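[1] This is a predicted model, with the sequence first.
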Amino acid sequence: MNDIQDRSTAELTETKSISLLGRPIIFAHRGASGTRPENTMSAFRRAIELGATGIETDVQLSKDGEPVLIHDETLTRTASSSGCVMDKTYEELRHLDAGSWYHPEFMGESIPHLNELLALTKQTGIILNLELKNTVCDYPGLEEKVIAAVREHGLEKQTVLSSFNHYSLALCKKLAPEIRTGILYMEGLYRPWDYAKSIGADALHAYHPAVRAEWVSEAKAAGVDYHPFTVNDEEQLQTLIDMDVAGIITDHPDRVVRLLKQTEQ
C-alpha cells in the first residue's frame, strides 16, 4: 500500500466530514461573485453578509512566492494588467485594480493575500475551500506555503484544499493529513468515491451535471462528501439540496439560504 492508503485510523478520523447540523455548506464561489468583483475582500465579506457558511477561492504564488487570491493565471480579465500572476511580485500585484473591471464603484479593490482571508475566516468561523491553481502553471512549494499559512492561523479544521491537480492533493494529504482535501473534476469518473479514497481525498468537488442522487448516497456510505460546483439556477440548487449533498459551490449564496429556509418550513 502507498503512504496515503496506509494512514492510520486515527489520522483518517481527523478529517471526517465538516458538519453544519445536517445543512449543506454554502460555499460562495470566489466570494459573492454574482454581485461583487470575484476574489476580492469585498466579495468575501459580502458572501458572509448574504449567509454563506463557506468561501471558495483560488490560490496562486507571486514571483516572490507570496500566496495570492486570483482565478486566472493572467491578469488581463480581472486586474486590468498584462502578464501573468507568477511574473509579478506581491508588491506589484497588490497595487493593481481588481475591482473596476466589474463596476467602477469597486475601483481600488486589490488582489488579496491569503493571510487576509484567513484572518477573516478565523474571525467569522466560516469554512474555507482553497483551490490550488497549479494545473496550467507550475508553482513549486505552493502546497507547503498554503498549509503553513492555514496552520499558522489554526484553521486546519475549517479548511478544505481542492485542485484539478490530483498529484498536488495527494501531496497535501501527505504533508497535512489533518486538513481535508477535495478532488475537482468535470465528469466521467467511475465510482469517484473509490478514486478519492485512493489518494486520501475527503470530498468530490464535481461539476454539477456529474452528480446523481444514488452516487451521493454511495459516496456518503464510503465516507466521502459531494461539494458540486458552480450552481446558480434555483431548480438545480433545489435538486442538489434534495440529494442531501454536503456542500454547494455557488456565485449566489443568498439563493441557497432562501431555498434552505423554504425546505425547512
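    Ah, there it is.
[2] And stretch 173-191, what's buried?
    173, 176-177, 179-185, 189 (16 or more other C-beta atoms under 10 Å). Heads up, the C-betas are built off the backbone N, CA and C, glycines and all.
[3] Report the separation between Lys197 and Asp244.
    20 Å (C-beta to C-beta, to the nearest Å).
[4] Which one's more surrounded, these two?
    Between Lys197 and Asp244, counting by other C-beta atoms under 10 Å, Lys197 is the more crowded of the two (18 against 13).
[5] Helix, strand or coil: sort out the more buried one for me.
    helix (DSSP: H, G, I helix; E, B strand; the rest coil).
[6] how deep is Gln265 tucked in, by neighbour count?
    Gln265 - counted by other C-beta under 10 Å - has 5 other residues nearby.
[7] where exactly do the strands run in the stretch 1-150 of the chain?
    25-29, 54-61, 67-69, 127-132 (DSSP state E, counting those that start in this stretch).
[8] What helices and strands are in contact with the first one?
    Okay, so that is strand 25-29. helix 41-49, strand 54-61, strand 127-132, strand 247-250, helix 253-264 (3 or more C-beta pairs under 8 Å, 6 or more residues apart in numbering; DSSP states H and E).
[9] Likewise for the third one?
    Contact partners of strand 67-69 among helices and strands, from 3+ C-beta pairs under 8 Å, 6+ apart: strand 54-61, helix 114-124, helix 142-152.
[10] among these, which is the most enclosed?
    strand 54-61 (a mean of 26; mean count of other C-beta atoms under 10 Å).
[11] Please work out the average pLDDT along it.
    Averaged over strand 54-61, pLDDT sits at 98.
[12] which residues touch Ala47?
    Residues near Ala47 by C-beta atoms under 8 Å, 6 or more residues apart in numbering: 28, 31-32, 55, 253.
[13] just curious, which of these is nearest to Arg46?
    Arg46 lies nearest to Ala32 out of the contacts of Ala47, by C-beta to C-beta, at 4.1 Å.
[14] Help me confirm that that closest one comes into contact with His252.
    Yes: using C-beta atoms under 8 Å, Ala32 is in contact with His252, at 7.5 Å.
[15] if we can go back for a sec, just the ones of the buried residues of stretch 173-191 in strands?
    180-185 (DSSP state E).
[16] Return the member of those residues nearest to Arg258.
    Of those, the one sitting nearest to Arg258 (C-beta to C-beta) turns out to be Gly182, at 25.3 Å.
[17] and that closest one, bridged to which residues?
    Ser162, Ala203 (DSSP bridges).
[18] which residues of this protein score low on pLDDT?
    Applying pLDDT under 70 to the chain flags residues 1-17, 19-21.
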